[in-house]
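> Could you work out the structure for the sequence below:
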Amino acid sequence: MTGVPLKHQRISRILAREIRDGSRRAGERLPGEHTLAERFGVSRTTIRAALAELSEEGLITTRTGKGSYVLFDGRPPDDRFGWARARAVRGADTAVRTLAVREAHEGALAAELGLEEDEFVCVERAGELVADGTVVSYERRFLPPVPVIRELPARGLGQESVTELLLRAGLRPDHGEQRVSGRPVDAREAELLRRAPGDWFLETRRTSRAADGTFVEHVVGLLDPDHFELTLTFG
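Here you go, the predicted structure:
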């Protein structure tokens with residue numbers, strides 16, 4: 001594992017830096033996808049994935065038919081309304097490693113989400129510090145088995161991000177809910193995290209849906225509280 005960021009991650013970091021240092025002000029409209037694609041020499045799909053990451057960080061909002069606008073106004077994130085978000089602290093670079101991509105039948109989860117079918121494609125990943133390989137996060141992402149996603153267990157995720165995959169499958173997150181709690185990890189989770197059973201981790205459970213209410217993904221994450229903080233953004 002090299003820890004080298006993917007194209008959309010590199011672009012999102014550049015734009016995030018421009019937003020945070022004040023080069024792009026709150027309320028400012030970002031250049032369009034075509035203009036950004038020309039600037040960075042990438043496809044519009046890659047730009048959409050980068051913008052999706054900025055949106056997930058609470059830095060921008062995308063308005064259908066109007067473009068993307070800067071939300072960040074220089075205030076601490078917990079002074080603004082929105083979803084609770086987990087962020088790595090102390091500027092430590094992390095790299096994500098895919099552990100498994102498999103078919104899953106989860107009746108209880110389907111019932112919780114109000115879905116008729118209990119079939120999902122589950123992507124398991126771990127986040128590691130680039131500096132020393134310490135595992136600081138573990139997540140399970142449950143995706144609908146629509147075309148493009150259904151073939152994942154056979155071919156693997158490769159270098160494509162889940163954000164890019166969802167966009168390619170025609171699934172764009174628009175709204176949802178997220179819950180945060182803390183709990184001790186069990187034996188299997190402890191093995192994956194290289195910790196001791198019973199160690200305390202933050203648990204996040206996030207469900208995303210498209211504008212029409214279509215299920216997009218459900219993510220269960222475990223975060224090391226020594227390396228992550230939770231903020232609540234407003235807006």
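
> C-alpha from now on. contacts and neighbour counts both.
Fine.

> and residue 52, how far is that from residue 164?
For residue 52, the distance to residue 164 equals 9 Å [C-alpha to C-alpha, to the nearest Å].

> hmm, I was thinking of residue 222
Going from residue 222 to residue 164 by C-alpha to C-alpha gives 22 Å.

> go on, residue 215?
Distance from residue 215 to residue 164, counting by C-alpha to C-alpha: 16 Å.

> Residue 48 belongs to a helix, doesn't it?
Yes - assignment of residue 48 by DSSP: H, G, I helix; E, B strand; the rest coil places it within a helix.

> which of residue 222 and residue 164 has more neighbours?
Higher neighbour count among residue 222 and residue 164: residue 222, with 26 against 20, using other C-alpha atoms under 10 Å.

> mind listing the helices for the protein?
Taking DSSP state H as the test, the helices found in the chain are 7-20, 33-40, 44-56, 107-113, 152-155, 162-168, 187-193.

> Tabulate the ones you listed in JSON lines, adding columns for distance to residue 145 and mean pLDDT.
Formatted as JSON lines, the helices of the chain follow (distance: least, C-alpha to C-alpha, whole Å; pLDDT from 0 to 100):
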{"stretch": "helix 7-20", "distance to residue 145": "24", "mean pLDDT": "89"}
{"stretch": "helix 33-40", "distance to residue 145": "28", "mean pLDDT": "94"}
{"stretch": "helix 44-56", "distance to residue 145": "20", "mean pLDDT": "88"}
{"stretch": "helix 107-113", "distance to residue 145": "13", "mean pLDDT": "96"}
{"stretch": "helix 152-155", "distance to residue 145": "9", "mean pLDDT": "92"}
{"stretch": "helix 162-168", "distance to residue 145": "11", "mean pLDDT": "81"}
{"stretch": "helix 187-193", "distance to residue 145": "25", "mean pLDDT": "94"}
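
> Pick the most deeply packed of those.
Mean neighbour count, computed with mean count of other C-alpha atoms under 10 Å, is highest for helix 44-56 among the helices of the chain, reaching a mean of 21.

> tell me which strands and helices that helix is in contact with?
Applying 3 or more C-alpha pairs under 8 Å, 6 or more residues apart in numbering; DSSP states H and E, one finds that helix 44-56 contacts helix 7-20, helix 33-40, strand 60-63, helix 162-168.

> Show me the one of those that comes nearest residue 95.
Residue 95 lies closest to helix 7-20 among the helices and strands packed on helix 44-56, at 10.9 Å (C-alpha to C-alpha).
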